[in-house]
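**Q** Could you look at this predicted model? Sequence included:
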Amino acid sequence: MRVPIPASLASLASLASLASLAAFSPILAGCSSSEAGASIPSDSAGSSGDTRTHGGGTAGLAASSGGASSGAASAGTAAVTASGGRSATDGGAPSQGGAPSQGGAPSQGGAPSHGGAPSGGAASHGGGSAAGGAGKSGAAGGATGGAAGASSAEKLPPGTSWQWQLTGKLDTSFTVKVYDIDLYDNDAAAVSALHAKGAKVICYVSVGSYEDWRPDAADFPQAVLGKDYPGWPGEKFLDIRALDKLGPIMTKRLDLCASKGFDGIEPDNMDVFEGGTSGTGFPLTEKDGLAYAQWLTTQAHARGLSIGQKNTSELASQLATVMDWALTEDCFDGNWCADMQPYIDQGKAVLMSEYTDTGVNFSSACTWAKAHQFSAILKGRDLDASVQFCP
């Protein structure tokens, strides 16, 4: 959930370099940690109606395949935080208290979401299946995942424990195997401190949108900047086909991740293609999205970094053999978790985040996650340090 921050905050401290990288080591399976009882406050601002989080998932750009979810969708204002994250939900009604809503959320129109679950837009939403979903995966235009090549970075195994924090002062107190934190908000010393605790550290990077508060914002040529992200001043969609112009910017970001000692990459907004011309300003297709994901994977692996698939569940069958793990948002509440099963079948982790503002039954989500070896946590939309782990 990336929340745009004011331009006055755009000047970031100079970033230290640390060239050492550690390959991912085998990680114990299990959804719980010593922090299993941690409580998490409900979000006061994030609400259903406009899914904008730090990752993939469409905000209602294509018709959902499962029909409307049960209950009434609520209008809401996106929660805004101060470190490059934003949130709110987009799509049909969240399930309240009991079982998650069945089938895909209704389409809302608009642009791809900055992360939340593919709510009302992804082609992978299968309706009517049991909680957790048995959705349908879409085709990707003929390209295959094998083009990305082999990786020297170790994959994360199923059941990997993790914490995800993109806003606020970094809390390093959790006993987990993986931390996922922002590239620009954390220096090499923060990464090193987490390594000292035995954790691998994932580098959050937006790969599908321009953010005018980032220190490299001036590097983006006008030719790759598309339509404004609706409701979020300072952010625009990117033409992911233009690798001659966009590629050097993204490889610099990956270089920075590597220099700080990160172990892997969370590629946010890799689902930008789901917006198409009407949403992004570019005639992007699923084939473009798959090609971009493969290119990013090749670049990450060349730097010894693992890389995960962020939402975009319609690409899972093509990318599970290539990418090293996956990260989902609201897949249980949205009933599409099963679309990510190819990663588990490949012996790779699915880092699964549900959100407090959907009313999801997290106990049920944990039961499903444990049975399928997904790594479930419950977070607030601002993605601060607060977290609830499965017992």
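**A** Nice, I can see it. Numbers count the residues shown, from 1 in each chain.
**Q** Stretch 170-178: which residues count as buried?
**A** Applying a neighbour-count criterion of 16 or more other CB atoms under 10 Å, one finds Leu170, Thr172, Phe174, Val176, Lys177, Val178 buried in stretch 170-178. Where C-beta positions appear, they are placed from N, C-alpha and C, glycine not excepted.
**Q** same question, stretch 355-375
**A** Result for stretch 355-375 [16+ other CB under 10 Å]: buried residues 355-362, 364-366, 368-370, 372-375.
**Q** average pLDDT for it?
**A** The average pLDDT within stretch 355-375 is 98.
**Q** Just the endpoints, please. Distance across it?
**A** Stretch 355-375 has an end-to-end distance of 14 Å (CA to CA, to the nearest Å).
**Q** Distance check, Val272 against Asn335.
**A** With distances taken as CB to CB, to the nearest Å, Val272 is found 23 Å from Asn335.
**Q** An error on my part: the question was meant for Ala223.
**A** Using CB to CB, we find Ala223 at a distance of 39 Å from Asn335.
**Q** more neighbours, these two?
**A** Asn335 (31 against 10; other CB atoms under 10 Å).
**Q** And that one, its phi and psi?
**A** Dihedral pair for Asn335: phi 70, psi 40, per degrees, to the nearest 10.
**Q** Farthest pair within the buried residues of stretch 170-178?
**A** Within those, two members stand farthest from each other by CB to CB: Leu170 and Lys177, at 16.7 Å.
**Q** Measure how buried Ala189 is and give me the count.
**A** Look at Ala189: counted by other CB under 10 Å, it has 12 neighbours.
**Q** what about it, helix or strand, and which?
**A** Using DSSP states H and E, the element containing Ala189 is helix 188-196.
**Q** Buried residues of stretch 201-221, list them for me.
**A** 201-214, 220.
**Q** try stretch 314-328
**A** 314-320, 322-328.
**Q** Could you give the average pLDDT over that stretch?
**A** Mean predicted lDDT for stretch 314-328 stands at 97.
**Q** Which of the helices and strands in the protein ranks last by mean pLDDT?
**A** In the chain, no helix or strand scores lower on mean pLDDT, DSSP states H and E than strand 79-80, which sits at a mean of 32.
**Q** ends of stretch 191-209, how far apart?
**A** Its start and end residues considered, stretch 191-209 measures 25 Å (CA to CA).
**Q** any idea what sits nearest Ser209, other than its immediate chain neighbours?
**A** Using CB to CB, 6 or more residues apart in numbering and skipping the chain neighbours, the partner closest in space to Ser209 is Asn269 (4.8 Å).
**Q** Thought Tyr204 was touching the one you found, still the case?
**A** No - counting by CB atoms under 8 Å, Asn269 does not reach Tyr204; the two are 10.9 Å apart.
**Q** Overlap of the contact sets of those two?
**A** Counting by CB atoms under 8 Å, 6 or more residues apart in numbering, no residue touches both Asn269 and Tyr204.
**Q** roughly how far apart are Trp164 and Leu383?
**A** Using CB to CB, Trp164 is found at 6 Å from Leu383.
**Q** More neighbours: those two, which one.
**A** The residue with more neighbours, out of Trp164 and Leu383, is Leu383; 32 against 24, by other CB under 10 Å.
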